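**Q** no sequence on this one, just coordinates:
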């Protein structure tokens, strides 16, 4: 069976393994910290690629940032990556075929091919983590757009409460639906809602209340925490409703570190009660932490015919 | 050259003509009022189809409502159409091939094939009229979704000002960006903004101020009218920004009766200043009032190979 070296490249670390045509990991999963300069990063890539050269037929990379339509170069600015990352021509790293795809797109592809969205030709995978990402499958193909940057669903404005997003714009879905969004909702609610005064967190500085605090508070039936959590959930639901009304997808797959706190049955009911298109299924992702690598590998097998 | 009978079927009237493979109208454009019952409507369809039977190779219909994936039946509820409209099997109306598509999708297809979006494989046509509709072209194909209902962009929630939409939900883009949205913004602004007191409309009941009043007021440099118009425009821009961030389209085509009041150069600048994807072109539609018929005809020629 054919094998590919697959990597997931983020601002903090690079995770890699050998993956076969079925999307199954065939070697130990290894990790490296992401170097601070582009030359160190290139060297690291080359070292890893050389290590697996004999046993693999190509390289598949899931990366932060938007990827060009040829799947060989990052197109967007990537503030968390070394400077010059979006100048790097990935095909120069190996003599074998190299394929690059945005990590959210790759994760959606993994869910579509072998995960929770298997068989759904119209599906979206939403990653709720520090930020919010999305990968859209339309009629069995990835939505890429004119330049590969499509799917910036975290930038969708969903309300007018005036919250400043990390991107500098106002009211992006990401600024509400992400982990950071939950933290900020906790801060705002502490300042504005009476429930904070009787909360277990009442002695904390509102700016220091963490997402973990709120999750724990919900478990402990703390009224303030439940309020915060419900505002966060409602903001997520609003975005999901927009997505289904626009794309009429068969499924929404919820992924990412914050995604596990979403009750998908409850979310499915709430979304289906408000959409104007046909009903949607909402499920948790199956491919887990390695969905980026797996999806990139599966896409590479398709596109490169390696 | 092959010819098709094309109709645009709405709640008020049915417009029809013969259209050739190039999307050119080949007969006089005729109109009938839409009958109130489904049996009268069927009879009218049959009468029209019979009239053009000899000179055409098929029938193409652009219609209100979402159309199923086989392009032969309306799937959604259509409150403005006779009861039972979504039970009608359009293929029963003629022995020749019959093709049906949603009017907003058909209009987008016309703009893509022979209109302002010609050559743009990723494009969207937004119709600003009494309501707001959208047709999305992705990689040269219409976005249909799992059941044909995709593209319900008017239902996208874009803010949290609490306005009730005609659909009964809150804060849909349509409730702000449509002609009715402009009228409601005029009403709200009259109640809440000082500028109304010195406006040319100050003696009118705020509920009676029309979209026409505001458009005229803007021409006459009435401060209140300009405020209203700018709020309306900003709400439209917010939706367009969301669309480009999600779809990374090459172009947005603005269509519909209210669309002509949008300065597309200005809108293009405002959108491009805020999107996180690559720049987009914004243009007015070229196919005009007959884009639905033309698009349905062109789609039918492709799909039916008539």
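**A** That came through, no problem. Note that the structure is a prediction, hence the values are computed from the model and not measured.

**Q** domain ranges for chain A?
**A** Per automatic domain parsing, the domain ranges recorded for chain A read A:3-109+A:289-304, A:117-285.

**Q** So which of those is nearest residue B:300?
**A** Smallest distance to residue B:300 across the domains of chain A (C-beta to C-beta): 19.8 Å, for domain A:117-285. Where C-beta positions appear, they are placed from N, C-alpha and C, glycine not excepted.

**Q** Now do the closest one: distance to the chain's middle.
**A** Averaged C-alpha coordinates place domain A:117-285 at 12 Å from its chain's average position (C-alpha atoms, centre = their mean, to the nearest Å).

**Q** Quote the end-to-end distance of it.
**A** End-to-end distance of domain A:117-285: 8 Å, with C-alpha to C-alpha, to the nearest Å as the criterion.

**Q** for chain A, what are the low-confidence residue spans?
**A** A:306 (pLDDT under 70).

**Q** Show me where it has its strands.
**A** A:3-9, A:13-20, A:30-33, A:59-63, A:98-102, A:123-128, A:132-138, A:141-142, A:251-255, A:281-284 (DSSP state E).

**Q** Report the separation between the residue of the stretch 1-150 of chain A found nearest chain B and residue A:103.
**A** Chain B sits closest to residue A:145 of the stretch 1-150 of chain A, with a gap of 2.4 Å, by C-beta to the nearest C-beta. As defined by C-beta to C-beta, to the nearest Å, residue A:145 lies at a distance of 16 Å from residue A:103.

**Q** Tell me the gap between stretch A:34-42 and the middle of its chain.
**A** 23 Å.

**Q** in it, what counts as buried?
**A** Within stretch A:34-42, the residues that count as buried by 16 or more other C-beta atoms under 10 Å in any protein chain shown are A:34, A:35, A:38, A:41, A:42.

**Q** do the same with stretch A:275-286
**A** Buried residues in stretch A:275-286 (16+ other C-beta under 10 Å): A:275, A:276, A:277, A:278, A:280, A:281, A:282, A:283, A:284, A:285.

**Q** And stretch A:53-63, by the same measure?
**A** Neighbour count says stretch A:53-63 has A:56, A:57, A:58, A:59, A:60, A:61, A:62, A:63 buried, by 16+ other C-beta under 10 Å.

**Q** For that stretch, what is the distance to the chain centroid?
**A** Taking the mean of its C-alpha atoms, stretch A:53-63 sits 22 Å from the chain's own mean (C-alpha atoms, centre = their mean).

**Q** quick one: terminal-to-terminal distance for it?
**A** Stretch A:53-63 has an end-to-end distance of 20 Å (C-alpha to C-alpha).

**Q** So what touches it?
**A** Around stretch A:53-63, the neighbours that count as contacts under C-beta atoms under 8 Å, 6 or more residues apart in numbering or on different chains are A:2-10, A:18-19, A:49, A:74, A:90, A:93-94, A:96-103, A:106-107, A:292-293, A:295-297, A:299-300, A:304, A:306.

**Q** What's the ChimeraX line that selects buried ones from the residues you listed?
**A** Per 16+ other C-beta under 10 Å, the buried members of these correspond to this ChimeraX selection:
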select /A:3,4,5,6,7,8,9,10,18,19,49,74,90,93,94,96,97,98,99,100,101,102,103,106,107,292,293,295,296,297,299,300,304,306
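
**Q** for chain B, what are the nearby residues on the stretch 1-150 of chain A?
**A** A:66, A:75-76, A:120-122, A:138-139, A:141, A:143-150 (C-beta under 8 Å from any C-beta of the partner chain).

**Q** Tell me which residues touch the residue nearest to residue A:29 when sequence neighbours are not counted, please.
**A** Sequence neighbours aside, residue A:17 is the residue nearest to residue A:29 in space, at 4.7 Å (criterion: C-beta to C-beta, 6 or more residues apart in numbering or on different chains). Neighbouring residues of residue A:17 by C-beta under 8 Å, 6+ apart: A:5, A:6, A:25, A:26, A:27, A:28, A:29, A:30, A:290, A:293.

**Q** hmm, 10 Å instead?
**A** A:4-8, A:25-31, A:52, A:290, A:293-294, A:297 (C-beta atoms under 10 Å, 6 or more residues apart in numbering or on different chains).

**Q** Same check on residue A:262?
**A** A:126, A:128, A:177, A:232, A:233, A:236, A:237, A:240, A:254, A:256, A:282, A:284.

**Q** Give me the nearest residue to the first one, chain neighbours excluded.
**A** The one in question is residue A:126. Closest residue to residue A:126 apart from its sequence neighbours, by C-beta to C-beta, 6+ apart: residue A:134 at 5.2 Å.

**Q** Any idea how many residues pack against the closest residue to chain B within the stretch 151-300 of chain A?
**A** Nearest residue of the stretch 151-300 of chain A to chain B: residue A:248, at 2.4 Å (C-beta to the nearest C-beta). The tally of other residues near residue A:248 (other C-beta atoms under 10 Å in any protein chain shown) stands at 25.

**Q** My read is that it contacts residue B:155, right?
**A** No. Counting by C-beta atoms under 10 Å, no contact exists between residue A:248 and residue B:155, whose distance comes to 11.2 Å.

**Q** list residues touching both of these two?
**A** With C-beta under 10 Å, 6+ apart, residue A:248 and residue B:155 have common neighbours A:275, A:276, A:277.

**Q** want to throw these into a markdown table with distance to residue A:207?
**A** What follows is the shared contacts of residue A:248 and residue B:155, written out as a markdown table (distance: C-beta to C-beta, whole Å):
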| residue | distance to residue A:207 |
| --- | --- |
| A:275 | 36 |
| A:276 | 40 |
| A:277 | 40 |
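
**Q** These also near chain B: which ones?
**A** The residues of those that also fall near chain B, by C-beta under 10 Å from any C-beta of the partner chain, are A:275, A:276, A:277.

**Q** Run a quick check on residue A:44 versus residue A:30, I expect a contact.
**A** No. With contact defined as C-beta under 10 Å, residue A:44 does not count as touching residue A:30 (11.5 Å).

**Q** Now the common contact residues for those two.
**A** Residues touching both residue A:44 and residue A:30 by C-beta under 10 Å, 6+ apart: residue A:14.

**Q** Which of the two has more residues huddled nearby?
**A** Legend: neighbour count by other C-beta under 10 Å for residue A:44 and residue A:30, higher for residue A:44 (16 against 13).

**Q** Quickly note the distance from that one to residue A:50.
**A** From residue A:44 to residue A:50 the distance is 11 Å (C-beta to C-beta).

**Q** likewise residue A:242?
**A** 46 Å.

**Q** If you count surrounding residues, which of the two has more?
**A** Using other C-beta under 10 Å, the more surrounded residue of residue A:242 and residue A:50 is residue A:242, with 26 against 11.

**Q** Now do the contacts for the nearest residue to the more buried one once chain neighbours are set aside.
**A** Take residue A:242 and drop its neighbours on the chain: the residue closest to it by C-beta to C-beta, 6+ apart is residue B:156, 4.7 Å away. Contacts for residue B:156 (C-beta under 10 Å, 6+ apart) come out as A:156-158, A:238-239, A:241-243, A:245-246, B:132, B:134, B:171-174, B:177, B:238-239, B:242-243, B:246.

**Q** how about residue A:150, what does it touch?
**A** Neighbour list for residue A:150: A:66, A:102, A:105, A:134-136, A:138, A:142-144, B:122, B:138, B:244-249, B:277-278 [criterion: C-beta under 10 Å, 6+ apart].

**Q** go on, residue A:209?
**A** Contacts of residue A:209 by C-beta under 10 Å, 6+ apart are A:182-187, A:189-190, A:196, A:199, A:201, A:217, A:224-225, A:228.

**Q** in the stretch 151-300 of chain A, which spans are helices?
**A** A:173-177, A:179-192, A:211-219, A:223-247, A:264-272, A:291-304 (DSSP state H, counting those that start in this stretch).

**Q** can you tell me which of those helices comes nearest to residue A:70?
**A** Closest approach to residue A:70 among the helices of the stretch 151-300 of chain A (C-beta to C-beta): helix A:291-304, 10.0 Å.
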